[in-house]
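Chemist: Next input, structure requested:
(2 chains)
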There are 2 protein chains.
Amino acid sequence: MSKQMNVDVAIIGAGTGGMYALREVRRTKQSFVLIDSGPLGTTCARVGCMPSKVALHIAEYWNSQKEFERYGISGSEHLRLDSAVAWQALRDQRDQFSDGAAGNAKKAAGEHLIMGRARFLEPTLLEVESESSTQQINAKSVIIAAGSRPVMPEFLQPFAEYCITTDEFFEMQELPKSIGILGLGAIGLEMGLALARLGVEVHGADMAQTVGGITDPEVSNVALAEFGKEMQLYLGAPAELAKAEKGVLLKAGDKEVLVDKVLVALGRRPNTDQLNLAEAGFELDERGQPLFNPNTLQVGKHPVFIVGDINGYRPLMHEAADEGAMAGYNATQSTPVAFKRKTSLAIAFTNPDVISVGARFDELNQDDVLIGTATSQANGRSRVITDRQGVLRLYADKSSGTLLGASMVGVRAEHVAQLLALAIERNETAHSLLQLAFYHPVVEEIIQSALQDIARHIPDPAGLPFGLVLADV
Amino acid sequence: MSKQMNVDVAIIGAGTGGMYALREVRRTKQSFVLIDSGPLGTTCARVGCMPSKVALHIAEYWNSQKEFERYGISGSEHLRLDSAVAWQALRDQRDQFSDGAAGNAKKAAGEHLIMGRARFLEPTLLEVESESSTQQINAKSVIIAAGSRPVMPEFLQPFAEYCITTDEFFEMQELPKSIGILGLGAIGLEMGLALARLGVEVHGADMAQTVGGITDPEVSNVALAEFGKEMQLYLGAPAELAKAEKGVLLKAGDKEVLVDKVLVALGRRPNTDQLNLAEAGFELDERGQPLFNPNTLQVGKHPVFIVGDINGYRPLMHEAADEGAMAGYNATQSTPVAFKRKTSLAIAFTNPDVISVGARFDELNQDDVLIGTATSQANGRSRVITDRQGVLRLYADKSSGTLLGASMVGVRAEHVAQLLALAIERNETAHSLLQLAFYHPVVEEIIQSALQDIARHIPDPAGLPFGLVLADV
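Modeler: Residues are numbered from 1 along each chain as shown, chains lettered A, B, ... in the order given. Here you go, the predicted structure:
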C-alpha cells in the first residue's frame, strides 16, 4: 500500500511557473511539496531561451567576417569553424544556466522536492510515482506547472532518424551540412538563422505566408526579404518529407530539396495528457485542456491552478513567472483574486529581431487606427550597426493617439520592444511619449520617428513643438 | 557700405540646435535667415556622435577575434587590419551622415542660408562677414546656436605636432602605434577604447579618480576594473607632456610613458567668444557666457535665445534639439514661455557602456535614498553576450520608492538608460515599474533585479507578489 501525505500546496513541475509559485507559497509558511519528473532545470534554461541565445551569439561571431573586408580586415579566408567545439561551448554555457535552475529548485524546496511523475486521482489528490515508490498526496490546493514538450506529428514518424526537436538540437555532436526547418515561428526562425550564419544550408518551411507570427504585411515583407537572404523560405504550403537515398526530401508546394536533417519546430504541446485530468474529474475542452481563468489561473471551481506552458495561454518564460506568482498567491488564500495581465510582448532574437508588443495588426480595426512607420535605414545608429533593412509600425488610436501596439523587424528591436511595452502598459499617446528624452544615436530613436509620423496627424491642443511641455509654474 | 536686411528671426548656426529652431520658425511662416560659418553638417555628424560610433563599431569587429577560440573558430592569427582602410571606411560613412545634415540645412533654409561669420553689433543687429561681402542683419529676434570647439589648452601648444582633437581624429591616415588620451570623459573614453580594441597601445589620463564622469563609487570601481584591462589609466593627477627624441612623453603623477600621439579630449568650449557679445550689450558671467534661462532659453531680457553646445548647459545632441525647438518657438511668440526640461540622460557607448539617468549619486542625500544593485553577471542575457562585469545602481526615494536616478556600467546599458529615462520621467516607483513585462532573456531584466532589491525594503501596501496588480473589476 502506498504512503499518503497531507500538505497545504502541491506544485507539479519545478520549471519557471512552479518555482515562482513556490516562492509565494514559501512566503506564507504553508506546507508544500514540489514534484518534478526530471530532469530538473527549466525548459528555458535547458532547451529554450538560453541555449538558443548562445547559438545565435556564436553564429554572430562566425558571421561577422562578412563585414571584415569593408573595414580593412583581411585574412578571413583562413578562418575555420569547428562546429563540434562550438556546440560543446554552447552546452557548457547552457549547463551553467540549467544547473543553476536545478540548484535553485533543490535549494528552495529542500526535503519537500519529490522526483517523480504525478497524476491526479481527484482534483486535490495526487499519485506520485517515483523510482522506488508510489505515494499519494492529499493537498488543500494544487498548482499544475508541468510544462510542455515539442510537437512531433504522426506523419514524421517514418523519418524519425532524420528529425530532431529542440530536445536534441543542442545535443548535436556536429552541425549538418544542410537542414530543413519545419515551422518558422520564433524558435524555428532563430535556430534556422543561427545555423545559416554558421554555414549550414537552411531550408525553412511554414504553412503561413510569413515568419515569426508577423501579421503586419509591411513588417512581414521586410522580414521575408531579409531572412530570405540567409535561408530558403518555403511558405504558404504544407511541408512533407519523403525518403531519399541519402538524407531526406523536404517537399513544400511545388518545390523539393534534399536535406541531411530536419528540425521540427512546430510548437510545443502542453503536458496535460500526462496528468489523468478527465478521470480525476476536471472539465476539459475539445483539445483536452482544462478550463481555467487567465486572471486567477484557477481551474474551474477547484482549488487547483494551472500556470506556464501547460495552460497554453501565453507560453513564454516571463508569463510563466507571472502566472506562477499569481497561482502561488491564490493557492494560499481563502478566495482567489483576479490579477491584471501585462501588455503582451514577443521577441524573436533573429537580428534583425522580430517583435510584437500589445495589440497585433490583425487584432485592430484599421478604420480606428493610425499607423506610424519608421525604417532602420533612417535611423543613424541602426545604419552604423548594419546595412540590413528594418521597419517599425506603431499602432495608435486615431482620435486620442493612445498607443495600442507595435510590430517591428529590425536590428536591436528587442530594446524597442521593452521600451514600448512600458509605454503601452501606461497608455502613453504619440504626443506624450515624444516627451521622453531619446539619446543620440540610439536605435530607440526609431520610436521617436514613428511617433512623429502619428503625431503630425493628431494636432496637439497645446500647439507646442513635438515632445515639449510647459514647466510647472 | 554694407547691405542691410530685415528679418523676423536670425539663426546663427546650422547645427542641431539651429536646425531644430528653424523647423519651428518655418512653421510660423515668419521670415528668417540661417547663418553658418561652415563647414555645414552638425558637430554630431561631422566629428561627434556618429563617427565615434562607427569607430567603436569597427573596433568591435576587430576585437571579436578574442572570443573566436572559445567558440571553435581557428585561424584568427592570419587576420590583418589595414587601419588606413578602416579609417577611410569610417570617413565614408561619416560623410553620408554629415552630407545628409548639410543637405538638410540647405534644403530647409534655401536662399535664406548665408554662409558667413556672424557677430553682434547690438542684441538684434548682426554683422555677417561672407567671403565676398559684409552685411548687416536687423532681426526681431535672434537664436544663437553657434556651437563649440575642442578645448586645446595653452600648455599643449609646444606639442602641437603630436596633439590632435576630435577635429583631426577621424582624419588620421593611419592609426598610431601608441596614443595618450588627455581627458577620460565620454569622448576620450570612447575613442581610447576604440583604438585599444584596434590594437593601439592606449594611455588614458584624467584629473578625476574616475572615468566617464561616474560619481557612484561602486559603478566607478567596476568601470575602472573593466577599462583598465584595455588601456592604461592614469587617474587623479594632472597630466603634462614633455619632449622626447621621438614621440612625446605623457606624464601623470609619478608615471610617464612615451606615446606617438596625444588625443586631447578635455571637453569643448562654447563659441561665445567669437560673437562680440559684451560689446553688443549682453551681460556675461565670469566665464564670458551670457546669462540665460534654461527653460525659455532667453538671454537676459533680450529677444535673443541661446541653444545647444554654446550655452554650456547640457552639451548633448538631443538636448540641443530640444533647446532649438524651444527657442524656435519662443523666438516667434510675443512672450516666451518656460518649458519643462527632460530627465537628464548620458550614455558613453563604451561596451560595457557607461550611463547616467536622472539624479546622479553625488546629487543625492544618501540618508533619503534606497539603492538597488544588480550585476551583469546575474543577468542571463548579459552573460551570453560577454564575460565582462557590469553593475546597475538604481536610486529611489526611501519612503515612497520613487525612482530618482541610475548609474550603470554594463553591456548594452544604453538600452537600460532609455527605459529608465521613461520610468524616471513618469515618476515610476520600484513597485510600479515591476509591473512592466520584462521579456526573457533581455539585458533590461537587470532593471527588474535592481527594482526587487529596492522593493523588498518598501512593503507594498497591497501585499501582492512583486509586479502584480489586481484586475479592474
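Chemist: Okay, now the unreliable bits of chain A?
Modeler: A:1-2 (pLDDT under 70).
Chemist: okay, which residue is most central for it?
Modeler: Taking Cα atoms, centre = their mean, the centroid of chain A lies closest to residue A:316, which sits 4.6 Å from it.
Chemist: Now tell me what touches stretch A:22-40 from outside.
Modeler: Counting by Cβ atoms under 8 Å, 6 or more residues apart in numbering or on different chains, stretch A:22-40 makes contact with A:5, A:7-15, A:18, A:46, A:101-102, A:105-106, A:108-109, A:112-118, A:126, A:128, A:137, A:139, A:146, A:324-325, A:327-329, A:331-332, B:465, all of which sit outside it. Placement of C-beta: from N, CA and C, glycine included.
Chemist: burial of the residue lying closest to residue A:433 once chain neighbours are set aside, as a residue count?
Modeler: Among residues not flanking residue A:433 along the chain, residue A:423 sits closest, at 5.1 Å (Cβ to Cβ, 6 or more residues apart in numbering or on different chains). By other Cβ atoms under 10 Å in any protein chain shown, 26 other residues sit near residue A:423.
Chemist: Would you mind confirming that residue A:259 is in contact with residue A:192?
Modeler: No: look at residue A:259 against residue A:192 with Cβ atoms under 8 Å: they stay out of range, at 11.7 Å.
Chemist: what is in contact with the two at once?
Modeler: Residues touching both residue A:259 and residue A:192 by Cβ under 8 Å, 6+ apart: residue A:179.
Chemist: With neighbour numbers in mind, choose between these two.
Modeler: A direct count of neighbours by other Cβ under 10 Å for residue A:259 and residue A:192 places residue A:192 higher, at 29 against 23.
Chemist: Please verify my assumption that that one contacts residue A:181.
Modeler: Yes: counting by Cβ under 8 Å, residue A:181 is a contact partner of residue A:192 at 4.3 Å.
Chemist: Quickly list what's touching both of the two.
Modeler: By Cβ under 8 Å, 6+ apart, the residues touching both residue A:192 and residue A:181 are A:202, A:204, A:231, A:263.
Chemist: can you pull the contacts of the residue nearest to the centre of chain A?
Modeler: Residue A:316 touches A:345-346, B:439-440, counting by Cβ under 8 Å, 6+ apart.
Chemist: gap between it and residue B:65?
Modeler: Taking Cβ to Cβ, to the nearest Å as the measure, residue A:316 falls 35 Å from residue B:65.
Chemist: try residue A:217
Modeler: Here the criterion is Cβ to Cβ. By it, residue A:217 lies 41 Å from residue B:65.
Chemist: So which of the two has more stuff around it?
Modeler: residue B:65 (21 against 13).
Chemist: burial measure for the closest residue in space to that one that isn't next to it in sequence, as a count.
Modeler: Nearest residue to residue B:65, sequence neighbours excluded (Cβ to Cβ, 6+ apart): residue B:76, at 4.1 Å. Neighbour count of residue B:76, defined by other Cβ under 10 Å: 18.
Chemist: repeat for residue A:404
Modeler: 20.
Chemist: residues in contact with it?
Modeler: A:358-359, A:364, A:369, A:395-397, A:424.
Chemist: Among the residues you listed, which ones are in strands?
Modeler: Using DSSP state E, A:358, A:369, A:395-397 are the members of those that sit in strands.
Chemist: one step back: buried only: go through the contacts of stretch A:22-40 for me.
Modeler: With burial judged by 16 or more other Cβ atoms under 10 Å in any protein chain shown, the buried subset of the contacts of stretch A:22-40 is A:5, A:7-15, A:18, A:46, A:101-102, A:105, A:108-109, A:112-114, A:116-118, A:126, A:128, A:137, A:139, A:146, A:324-325, A:327-329, A:331-332, B:465.
Chemist: before we move on, back to that, who wins on neighbours among the shared contacts of residue A:192 and residue A:181?
Modeler: For the shared contacts of residue A:192 and residue A:181, the largest number of neighbours (other Cβ under 10 Å) sits with residue A:204, at 31 neighbours.
Chemist: Look up how far chain B lies from it.
Modeler: With the distance defined as Cβ to the nearest Cβ, to the nearest Å, residue A:204 ends up 23 Å from chain B.
Chemist: and residue A:446, what helix or strand is that in?
Modeler: Following DSSP states H and E, one finds residue A:446 within helix A:445-455.
Chemist: where exactly do the strands run in the stretch 251-400 of chain A?
Modeler: Ranges of strands within the stretch 251-400 of chain A are A:255-259, A:261-264, A:268-270, A:304-306, A:345-348, A:353-358, A:369-375, A:391-397, based on DSSP state E, counting those that start in this stretch.
Chemist: Buried residues, stretch A:417-429. List them.
Modeler: Of all the residues in stretch A:417-429, those buried under the rule 16+ other Cβ under 10 Å are A:417-426, A:428-429.
Chemist: Identify the residues contacting that stretch?
Modeler: Stretch A:417-429 has contacts (Cβ under 8 Å, 6+ apart) with A:342-343, A:345-347, A:353, A:355-358, A:394, A:396, A:400-406, A:408, A:433, A:444, A:447, A:458, B:415, B:418-419, B:422-423, B:426, B:433, B:435-439, B:442, B:444.
Chemist: same thing but 6 Å
Modeler: Stretch A:417-429 is contacted by residues A:343, A:345, A:347, A:355, A:357-358, A:401-403, A:406, A:433, A:444, B:418-419, B:422, B:436-437, B:444 when judged by Cβ atoms under 6 Å, 6 or more residues apart in numbering or on different chains.
Chemist: try stretch A:155-166
Modeler: Under the criterion Cβ under 6 Å, 6+ apart, residues A:47, A:150, A:241, A:248, A:261-264 lie in contact with stretch A:155-166.
Chemist: cutoff 7 Å now
Modeler: The contact list for stretch A:155-166, computed with Cβ atoms under 7 Å, 6 or more residues apart in numbering or on different chains, reads A:47, A:150, A:152, A:187, A:240-241, A:248, A:261-264.
Chemist: ok, residue A:412 touching residue A:443?
Modeler: Yes: in this structure residue A:412 lies within contact range of residue A:443 using Cβ atoms under 7 Å: 4.4 Å.
Chemist: Please give me every residue in contact with the residue nearest to residue B:65.
Modeler: Going by Cβ under 7 Å, 6+ apart, residue B:76 touches A:79, B:65, B:68.
Chemist: Please apply the same query to residue A:9.
Modeler: Residue A:9 sits next to A:25, A:30, A:32, A:139-141, A:143, A:331-332 when contact means Cβ under 7 Å, 6+ apart.
Chemist: how about those residues in JSON lines, adding secondary structure?
Modeler: Formatted as JSON lines, those follow (DSSP: H, G, I helix; E, B strand; the rest coil):
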{"residue": "A:25", "secondary structure": "helix"}
{"residue": "A:30", "secondary structure": "coil"}
{"residue": "A:32", "secondary structure": "strand"}
{"residue": "A:139", "secondary structure": "strand"}
{"residue": "A:140", "secondary structure": "strand"}
{"residue": "A:141", "secondary structure": "strand"}
{"residue": "A:143", "secondary structure": "strand"}
{"residue": "A:331", "secondary structure": "helix"}
{"residue": "A:332", "secondary structure": "coil"}
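Chemist: Can you redo those as TSV, where the extra columns are distance to residue A:290?
Modeler: Output for those, formatted as TSV (distance: Cβ to Cβ, whole Å):
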residue	distance to residue A:290
A:25	21
A:30	23
A:32	21
A:139	16
A:140	19
A:141	15
A:143	13
A:331	15
A:332	20
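Chemist: which non-adjacent residue is nearest residue A:402?
Modeler: Leaving out its chain neighbours, the residue that sits closest to residue A:402 by Cβ to Cβ, 6+ apart is residue A:429, at 5.1 Å.
Chemist: whoops, I mixed them up, residue A:278
Modeler: residue A:284 (5.6 Å).
Chemist: I figured the one you found hits residue A:300, correct?
Modeler: No: Residue A:284 is beyond contact range of residue A:300, at 10.0 Å (criterion: Cβ under 7 Å).
Chemist: for chain B, what are the nearby residues on the stretch 51-200 of chain A?
Modeler: Within the stretch 51-200 of chain A, the positions near chain B by Cβ under 7 Å from any Cβ of the partner chain are A:53-54, A:57-58, A:61-62, A:64, A:67-68, A:70-76, A:78-83, A:85-86, A:89, A:97.
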